[in-house]
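Asker: got a predicted model here, sequence first, then my questions.
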Amino acid sequence: MEEINQIYLSVIIPAFNEEKLITNTLMEVNRFLAEKEYGFEIIVIDDGSEDKTSALVMKLQSKINHLKLLQNENNFGKGYSVKRGMLNSQGSYAIFMDADGSTSINHIDNFINSAKDGYDIVIGNRKLKASNIKKRQSLYKEIFGGFGNLLIQALAVPGIKDTQCGFKLFSKEAKRKIFPKLTINGWGFDIETLVLAKKYGFKIKSTSVLWENREATNVKLSDYIKTFQELIIIKINLLRKKYDNEK
């Protein structure tokens, strides 16, 4: 077990206009991890928010000593933010999760145990029978999500039925090799991450989760369209063997 003053786990939380949910999410993460016998850090990346997201995080820093805030000058995208957080993290393991807490940090023990069993990357999979969808998305989001998943499997990562669940754990080696190579700044970064993971031969495990749609979340229809556009870019990169040259 890591010493308490060393960072064993880094929690990366990208946030854009999340003032309604960020405080509850950070307090939940801190309460859960404070009971662990290992050191941890929580890194919030504010992606150019126009609300009080950064102010709320800074206020919490007086209560959560290991809470760090990185602020993007503009809204660059979730992929950009997660990449920045990962590259600034120090943990033996690093996980990114959504600011709305749709997948709770209480899954972390199961994810770390899977990593200890030999998996380099452990990803939440809402499509598994054992997963529990406590509150579903709107119908149009489910339709777009289902159609998008079929395209993603056909064009980029066959066999992975849920690339977009915002709860993914990486070993230090996987983090070190994958994230400096990311080129997608938007929501499609999840796909590119898994494409690179497969290229580098990392072992990936899909794990069931309890997932709850949050009404205050900022995901819009336009984000699905942008993700499809980014998927095409990734497919072109694959055809041009761009990722083969990045090893």
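Answerer: That came through fine.

Asker: how about residue 151, nearest residue that isn't a chain neighbour?
Answerer: If you skip the residues right next to it in sequence, residue 151 has residue 231 as its closest partner in space, 6.3 Å away by Cβ to Cβ, 6 or more residues apart in numbering. Using the backbone N, CA and C atoms, a C-beta is placed for each residue, glycine as well.

Asker: what about that neighbour, distance to residue 57?
Answerer: When Cβ to Cβ, to the nearest Å is applied, the distance between residue 231 and residue 57 equals 31 Å.

Asker: which of the two has more residues huddled nearby?
Answerer: When neighbours are counted by other Cβ atoms under 10 Å, residue 231 and residue 57 differ, and residue 57 comes out ahead with 28 against 22.

Asker: quick check: buried residues in stretch 169-179?
Answerer: By 16 or more other Cβ atoms under 10 Å, the buried positions in stretch 169-179 come out as 169, 170, 171, 174, 175, 177, 178, 179.

Asker: return the member of those residues nearest to residue 78.
Answerer: Within those, the smallest distance to residue 78 is 13.2 Å, found for residue 179 (Cβ to Cβ).

Asker: that closest one: what's it in contact with?
Answerer: For residue 179, the contact set (Cβ atoms under 8 Å, 6 or more residues apart in numbering) comprises 82, 83, 86, 87, 193.

Asker: confirm it sits in a helix?
Answerer: Yes - under the criterion used here (DSSP: H, G, I helix; E, B strand; the rest coil), residue 179 sits inside a helix.

Asker: okay, now the closest residue to it other than its chain neighbours: neighbour count?
Answerer: In space, and not counting its chain neighbours, residue 179 is closest to residue 86: 4.4 Å by Cβ to Cβ, 6+ apart. Other residues lying near residue 86 total 24 when counted by other Cβ under 10 Å.
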